[in-house]
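>>> I'll drop the sequence and a predicted model, then ask my questions.
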Amino acid sequence: MRLLAIDTATERCSVALRLDGKVVERSSEQPRGAADLVLPMVESVLQEGGVRLADLDGIAYGRGPGAFTGVRIGVGVVQGLAFGAGLQTVGVSNLAAVAQQVAQPDDRILVCMDARMNQVYWSSFAREHGAELVTPLSAERVDAPDEVVEGNYTVLAGTGFKAYTQLRARLATGARTVYEAALPKASDIALLAEAEFRAGRGRPATEAEPVYVRDQVAHVKGT
């Protein structure tokens with residue numbers, strides 16, 4: 001299967017081309033600038049992979065949760081590319097992409113990403129014995145760090161553990177491994193999306209949409 005994956009939901013802008021299991025990837029980490037970076041990255045991976053957009057089976061994207069503007073940029077770019085090439089799309093949870101990045105067989109992973117405004121986006125995942133992909137164990141939520149639910153996690157991942165020291169102090173106990181700098185990567189989004197495409201769950205470009213989790217996207221000073 002030939003897939004393009006795009007993610008601009010965090011400070012890491014990344015694009016990956018997955019060609020029958022082989023991956024070509026580009027990424028850059030900076031607070032802003034994804035709108036200027038993403039299309040040149042798409043052109044670069046397609047050129048290295050020796051394929052045209054029309055040769056692909058679909059386009060995957062990080063659907064959020066993440067930065068409001070970043071998520072919108074990614075979805076907008078994917079809609080434009082997919083519509084022009086007549087390709088189907090699949091949105092992948094950015095929390096799942098982080099979990100996939102760090103998971104080993106039999107792991108239970110808690111992902112907490114810094115959501116600003118003294119909150120984290122979080123969810124838990126499992127990678128069962130013999131499985132290649134993670135599966136969700138809980139719904140995606142946005143909460144204050146002290147509201148994240150304790151569990152039998154073996155791995156903690158995400159920028160929330162770096163941003164909120166009380167979260168790490170409360171949950172990083174025992175033999176738990178912590179990946180506090182983990183950010184989603186387009187290559188993991190492509191891997192997770194491939195299973196969705198194979199299951200026939202690709203959607204038209206017009207149906208690509210973000211998942212914000214948080215209803216309030218602007219902080220009102222003094223509240």
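Now that the structure is in, tell me what you want to look at. Keep in mind that this is a model prediction, so the values were computed, not measured.

>>> going forward, measure contacts and count neighbours with C-alpha atoms only.
OK.

>>> And the closest residue to Asp57 other than its chain neighbours, how far from Gln88?
With Cα to Cα, 6 or more residues apart in numbering as the criterion, Asp57 has its nearest non-adjacent residue at 5.3 Å, and that residue is Arg2. As judged by Cα to Cα, to the nearest Å, Arg2 and Gln88 stand 12 Å apart.

>>> shared neighbours of the two, anything?
57-58 (Cα atoms under 8 Å, 6 or more residues apart in numbering).

>>> more crowded one of those two?
Gln88 (24 against 19; other Cα atoms under 10 Å).

>>> isn't there a strand covering Ser27?
Yes. Counting by DSSP: H, G, I helix; E, B strand; the rest coil, Ser27 is part of a strand.

>>> quick one: it and Ser14 touch, right?
Yes. Judged on Cα atoms under 8 Å, Ser27 makes contact with Ser14 at a distance of 4.1 Å.

>>> so what's the residue nearest to Asp57 up against?
17-20, 55-58.

>>> what about 6 Å?
18-19, 56-57 (Cα atoms under 6 Å, 6 or more residues apart in numbering).

>>> and the gap between it and Arg52?
11 Å.

>>> ditto for Ala9
25 Å.

>>> Out of those two, name the residue with the larger neighbour count.
Neighbour totals were compared for Ala9 and Arg52, and Ala9 leads with 28 against 11 (other Cα under 10 Å).

>>> Can you list the buried residues in the helix or strand hosting Leu4?
Assigned by DSSP states H and E, Leu4 belongs to strand 2-7. Buried residues in strand 2-7, counting neighbours by 16 or more other Cα atoms under 10 Å, are found at 2-7.

>>> Now render those residues as TSV, adding pLDDT.
TSV is the format used below for these (pLDDT from 0 to 100):
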residue	pLDDT
Arg2	98
Leu3	98
Leu4	98
Ala5	98
Ile6	98
Asp7	98
